[in-house]
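# Any chance you can model this:
(2 chains)
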Amino acid sequence: MTAAAADMDSSVGPSGAIMVLLVEDDAPTRERLRDVLAGEPGFTVREAGTLAEARAVLGQTAPDVLLTDLQLPDGHGVDLIRETRARLPGTEIMVISILGDEESVIAAISVGATGYLLKDAFPTDIAATVRDLVAGHSPISASIARFIVRRAQREPDAAVRPQLNTARLTPREIDILWGIAKGFSYADIAAHLGLSRQTVPGHIKSIYRKLEVNTRGEAVFEAVQQGLIKL
Amino acid sequence: MSAGAQPTGAGATSLSARWPRSRFALLHLSLQATFVVLCLFAINVSLPTPDRSHAVQEATVAGPNGAAPVRLPATFPGPTPRLINLALSFTAPEKLTEEWSVMTPRFTNAAQILVNGVVVLDTRRKASNNRPDRNAADIAVIPAQLLRPGVNELGVRLHVWGPLSGFLDTLYVGPDSALRDAYDWRVLLFSTLPVVFSSWQVILAMVLGIMWFKRRQETAYGVLAAAMALGALHTFLIPPEQPSWLAGVRAAAIGSAPLESSLVLVFCMLFLGRRLTPLFTVLALAPGAIIVITGLAGGPEMVRLAFIWLGLPAIALSLGGVVWLTHAAALSRRDLISVLLASAATVLMTCLIRDVLTIVGALPDQRIFVTRMAYAAMMTMIGACLTWRFASALNEVDSFAGRLVTQVREAEDKLRASFAREEQRKHAAALASERTRLTRDLHDGLGGQLVSIVALAERNGAHGAQIGEAARSALRDLRLVIDAMDDIDGDLMLALGAWRERTAARLRPHDIRLDWRPLSPGGLPVHQELRPWHVIQLLRLLDEAVTNTVKHANASSITVSFGSFRDQGGAARGRIIIADDGHGFSGQATPQGRGLDNMRRRAARCGVAYSLDSEPDGVRITLDLPERFPETDNAA
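Next comes the predicted model:
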């Protein structure tokens, strides 16, 4: 037990480097991402190709960032995100998406992810995105923002998956999401809404947190699962 | 009964809202008092009579105890039937200049008038004269041969057959022209007018009867129709000369009055929504029916007895009931129809009381009966009121039908709208599910493979860069197709927002900045008719413009500006301008013609006006969006 604790302490690293756990089953993609991140200063990368491997790593260490694909050979990334979110609240979670489509990204957000990364993102963007996330800036795409606001402004439709609880979003947050959906920069949005430019990313992270489903509710989890299993 | 079910129904103006109960009662009573006074005043207006100088009033009556003097008008109480002989006299001038006549304004039951012993007038010849309730007058020209200069004998044989006592009004003898006017007036008043009223009653009886026939639930109409029909029958059914050889018909004529009055009572109860038990109905109608049966079975004397002992109390009770019912209704309902009915009952009662006083001899000089006429007039009025009410009810039905039609139309419109909404929703849902399916397919298949190609290509250094770029381009296009299928409710800005993100990521490795510049606060107008294929064409067009800039322009930034402007027609039109700060096409061959042609073709397919300006400081493509995007592909 003490050994494990000591191990965990060491994993954070005395150097203060950002430790990333990369979970991706496609080897070329995993290697590419690993190479990109490992090549950047200030990153240490652990990698896993399956859910089991990822769990094993998470059993030993608490990474700063969990970067995971959703479809894994032995299970679903959503389970991993949910477990990590529950057990390691300090870990930022980001989903790796092929298309950045809202169905997979929103599903990940609803179980605790606060960002997404496109698998074909350029190397510079990959590192920047992870750094931003650690700094508390959650990335959000126009199509995700669009999906959230449109869901917020419509009556809930049980037939549409994934479920999304938008009731807690404030009008200001919805305004910000509209701005993002229409392609405006954070600076534009901040100017338009009379905010400081720096506060916009914080709002976005807060939006993500509000969209997170309390996974203790079995039915909600069920819905999320159903929405994802069909992926 | 529907009449009772709608106390303030059609045609009845409710006064209850404006008048408190006590004030209304006071008003109602004073109104009735006014009616009584007006009624008495009308009755006491003196009837048209010839000049008093032609009056013959002094008579002697032959009796068992010798002749007794009598001054006309006079009543002759006593047993009936009997014959009373009166002897009178008048003076004729020496020389006659015109025809002379003798007129008897009122007689009961019939009179034979003799001049110098010759009968010149027998009232029984005119059947209507034999009706004691008709107030009939009669006149006859005296043959010139009979007239003697000076004093002439005038004899009257007054036939009295009951049930009324004998009565003879003042006789008038004089030049025909002096008497004829008064006679004509009386005919108009007491003969023609009742016929007119009765004709009305016949018509109303038919109208109400038809209403009842077509709407059996309106029992009140049927009962009133029956009462009116009886009243008309009573007027037109002339009993034959006394003594009758058709006692039954005569009995029916006499018996109709109690039957009529009880029918009116039943009508009032039905109309005012009172509960009508079968027992009550039978009791109410029994006296009249008994009199008719008596008339058919027994002789005139029995009818007379039945009428006096059964008919008169029945009439009194019925009318008393009507008065009570209508006034109670007027006081409790306080609506126009009830007040009118109550007033009619008051007038009728006043007339009846006066006639009873006449019959019992309290008013000895009078023998003018007014109840029958008043009754006929009132019935006509009630009938008119009912018809009015019925017409108003029809109006209400019409307006109700009109409202219903409007409401149905509105409901249809709503339904149509909601159906259209539902269709739209279904369409959107179908699109969304198709998009989801496509996304999953691409995600699982093509997408993953393209990502792998990107990863593998990058590991092959410079050689793989082109392959990687091609794979990225394919991924971008996949995302574009998926994005364009999203339901954006016609807001092109939403599609542009996602495009901006993809394009900014794509431009970053080339060190080209993407500026986003709204030209008007509202951005682009919303186009409900916008379809995914429009979006794909426009975004690919923009992609091609960006590709040209990346490949050929050597630019450091691309600016996308967008906004709305008003065209000549005043409609809001969208405009998108994509400009770079490169060196344009100047001095060079234009970049691959195919790319520009493609852009032009894509613009044309969506109805977008496309223009390209190439200057040494950059290329600028202006896209003017159509007022409405075409429904079908213009290229197809």
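# Export only the CA atoms of stretch B:336-354, formatted as CSV.
Taking C-alpha atoms only, stretch B:336-354 is exported to CSV below (Å, rounded to 0.1, in the frame of the first residue of the first chain):
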residue,chain,number,x,y,z
LEU,B,336,-89.3,41.3,-21.7
ILE,B,337,-91.2,38.3,-22.8
SER,B,338,-92.6,37.5,-19.3
VAL,B,339,-93.6,41.2,-18.8
LEU,B,340,-95.4,41.2,-22.1
LEU,B,341,-97.2,38.0,-21.3
ALA,B,342,-98.2,39.4,-17.9
SER,B,343,-99.4,42.6,-19.4
ALA,B,344,-101.5,40.6,-21.9
ALA,B,345,-103.0,38.7,-19.0
THR,B,346,-103.8,41.9,-17.1
VAL,B,347,-105.6,43.4,-20.1
LEU,B,348,-107.5,40.2,-20.6
MET,B,349,-108.5,40.0,-17.0
THR,B,350,-109.7,43.6,-17.0
CYS,B,351,-111.8,43.0,-20.0
LEU,B,352,-113.2,39.8,-18.5
ILE,B,353,-114.2,41.5,-15.2
ARG,B,354,-115.9,44.2,-17.1
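# And it, what's buried?
For stretch B:336-354, a neighbour-count test (16 or more other CB atoms under 10 Å in any protein chain shown) marks B:336-352, B:354 as buried. Quick note: C-beta positions are derived from backbone N, CA and C, even for glycine.
# got it, and stretch B:422-437?
Neighbour count says stretch B:422-437 has B:432, B:435-436 buried, by 16+ other CB under 10 Å.
# Show me how chain B divides into domains.
Domain assignment for chain B by automatic domain parsing gives B:2-44+B:191-402, B:53-185, B:507-636.
# And for chain A?
Split by automatic domain parsing, chain A gives A:2-140, A:143-214.
# Present these as JSON lines; the columns should include mean pLDDT and distance to B:Ala401.
Listed next are these as JSON lines, based on pLDDT from 0 to 100; distance: least, CB to CB, whole Å:
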{"stretch": "domain A:2-140", "mean pLDDT": "81", "distance to B:Ala401": "54"}
{"stretch": "domain A:143-214", "mean pLDDT": "77", "distance to B:Ala401": "37"}
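# could the ones you listed go into a markdown table alongside distance to chain B and mean neighbour count?
Shown next, in a markdown table, are these (distance: least, CB to the nearest CB, whole Å; neighbours: other CB atoms under 10 Å in any protein chain shown):
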| stretch | distance to chain B | mean neighbour count |
| --- | --- | --- |
| domain A:2-140 | 4 | 19 |
| domain A:143-214 | 3 | 18 |
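# just so I know, which of those lies nearest B:Ser318?
domain A:143-214 (69.7 Å; CB to CB).
# Now do the closest one: distance to the chain's middle.
15 Å (CA atoms, centre = their mean, to the nearest Å).
# same deal with stretch A:111-120?
4 Å.
# Could you do stretch B:622-636 as well?
On the basis of CA atoms, centre = their mean, stretch B:622-636 is displaced by 55 Å from the centre of the chain it belongs to.
# Following the chain onward from the helix or strand where B:Leu431 lies, which element is next?
In this structure, B:Leu431 sits in helix B:371-442 according to DSSP states H and E. Next helix or strand after helix B:371-442 toward the C-terminus (DSSP H and E): helix B:448-459.
# Show me what that following helix is packed up against.
Using 3 or more CB pairs under 8 Å, 6 or more residues apart in numbering or on different chains; DSSP states H and E, the elements in contact with helix B:448-459 are helix A:27-39, helix B:461-484.
# Using TSV, lay out those together with distance to B:Val202.
Listed next are the helices and strands packed on helix B:448-459 as TSV, based on distance: least, CB to CB, whole Å:
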stretch	distance to B:Val202
helix A:27-39	106
helix B:461-484	84
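# and the helix holding B:Leu431 with helix B:461-484, angle?
170 degrees (axes from the mean of the first three to the mean of the last three CA atoms, to 10 degrees).
# What segments of chain A are helices?
A:2-12, A:27-39, A:51-60, A:77-87, A:102-110, A:123-134, A:142-152, A:171-181, A:186-193, A:199-211, A:218-229 (DSSP state H).
# The stretch 201-350 of chain B too?
Here the stretch 201-350 of chain B has its helices, by DSSP state H, counting those that start in this stretch, at B:219-236, B:247-271, B:278-297, B:300-306, B:312-333, B:336-359.
# buried residues in the third one?
Using 16+ other CB under 10 Å as the test for burial, helix B:278-297 gives B:281, B:284-285, B:287-288, B:290-292, B:294-295.
# Please report the distance of B:Phe107 from B:Pro69.
19 Å (CB to CB, to the nearest Å).
# And the two? Which one has more around it.
With neighbours defined as other CB atoms under 10 Å in any protein chain shown, B:Phe107 and B:Pro69 compare such that B:Phe107 has more, 26 against 8.
# show me what contacts that one?
Shown in contact with B:Phe107 (CB atoms under 8 Å, 6 or more residues apart in numbering or on different chains): B:123, B:129, B:136, B:138, B:158, B:167-169.
# ok, of these, which one's closest to B:Pro313?
Closest to B:Pro313, out of all of the contacts of B:Phe107 and judged by CB to CB, is B:Phe167, at 23.5 Å.
# Tell me who's in contact with that closest one.
Here B:Phe167 is in contact with B:73-76, B:106-108, B:367 (CB under 8 Å, 6+ apart).
# Dig out what it forms beta bridges with.
Beta-bridge partners recorded for B:Phe167 (DSSP bridges): B:Thr75, B:Thr108.
# ok, now the one 5 residues further on?
As for beta bridges, B:Tyr172 partners with B:Ala55, B:Met103 under DSSP bridges.
# Would you quantify the distance from it to B:Val619?
Taken as CB to CB, the span from B:Tyr172 to B:Val619 is 126 Å.
# for B:Phe307, same thing?
Counting by CB to CB - B:Phe307 and B:Val619 are separated by 120 Å.
# How about B:Asp51?
Counting by CB to CB, the gap from B:Asp51 to B:Val619 is 125 Å.
# how about the helices in the stretch 51-200 of chain B?
Under DSSP H, counting those that start in this stretch, the stretch 51-200 of chain B gives helices at B:176-187, B:193-214.
# weakest of the ones you listed by average pLDDT?
Lowest mean pLDDT within the helices of the stretch 51-200 of chain B: helix B:193-214, a mean of 88.
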